[in-house]
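*Asks:* Give me the fold of what follows.
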Amino acid sequence: MKIGVVSDLHKVCDRRIFDALRGVSLILSLGDIEDENIIWDLGTIANVISVRGNCDGCFSLTTFPVSRMLDILGKRIFMSHVFSLEYDLRGIDVYLHGHTHVAENRFENGVLYFNPGSPTTPRKGAKSIGILEVYGKEKDVRGNIIEI
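*Replies:* Sure, this is the predicted structure:
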């Protein structure tokens, strides 16, 4: 299963983001969208599951939780905008986070730590989004940073 991962769009969602997400089965938004219409626009590509970022102050975006735990094809995927070790992360396979505007794709102690960076205002490196490939419970999960 191919899953698009976006974060830190900050009111901008241009055609390159849509092109990079074409063909995904699901989109995970890690916050700092700042415009609820972007969630609706991304929803024309695939279903969107989102968490709230520190800049998501408009009422409709404040209804998103600060963090979420998902089970996708037997993989436990944790989502939050800001990386924090205060959460109970036992048994997770993937930790998705945003906020830094810096892409990250690393395995540590059996967990994939993945930040898609920012497709609008990167602080280091190129503008980017992420693609997760989930192969099922007995198989692997892989992250790819996609420059746009």
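
*Asks:* okay, CA-based contacts and neighbour counts for the rest of this
*Replies:* OK.

*Asks:* Just the buried positions in the helix or strand bottoming out on mean pLDDT in the chain, please.
*Replies:* Least confident helix or strand, the chain: helix 59-62 with a mean of 71, by mean pLDDT, DSSP states H and E. Within helix 59-62, the residues scored as buried using 16 or more other C-alpha atoms under 10 Å are 61-62.

*Asks:* other SSEs contacting it?
*Replies:* Here helix 59-62 touches no other helix or strand, going by 3 or more C-alpha pairs under 8 Å, 6 or more residues apart in numbering; DSSP states H and E.

*Asks:* would you say Y95 is within a helix?
*Replies:* No. Read with DSSP: H, G, I helix; E, B strand; the rest coil, Y95 is strand and lies in no helix.

*Asks:* on that earlier part again, now the element after the least confident helix or strand of the chain, going C-ward?
*Replies:* For helix 59-62, the succeeding helix or strand toward the C-terminus, using DSSP states H and E, is strand 67-72.

*Asks:* neighbouring strands for that next one, and are they parallel or not?
*Replies:* strand 75-80 (antiparallel) (DSSP bridges).

*Asks:* What average pLDDT does the strand it pairs with get?
*Replies:* The average pLDDT for strand 75-80 rounds to 96.

*Asks:* Next: stretch 91-106.
*Replies:* Here the average pLDDT along stretch 91-106 is 96.

*Asks:* what does stretch 109-116 give?
*Replies:* Rounded mean pLDDT across stretch 109-116 is 95.

*Asks:* Just the buried residues of that stretch, please?
*Replies:* 111-116.

*Asks:* Please consider this matter closed, and thank you.
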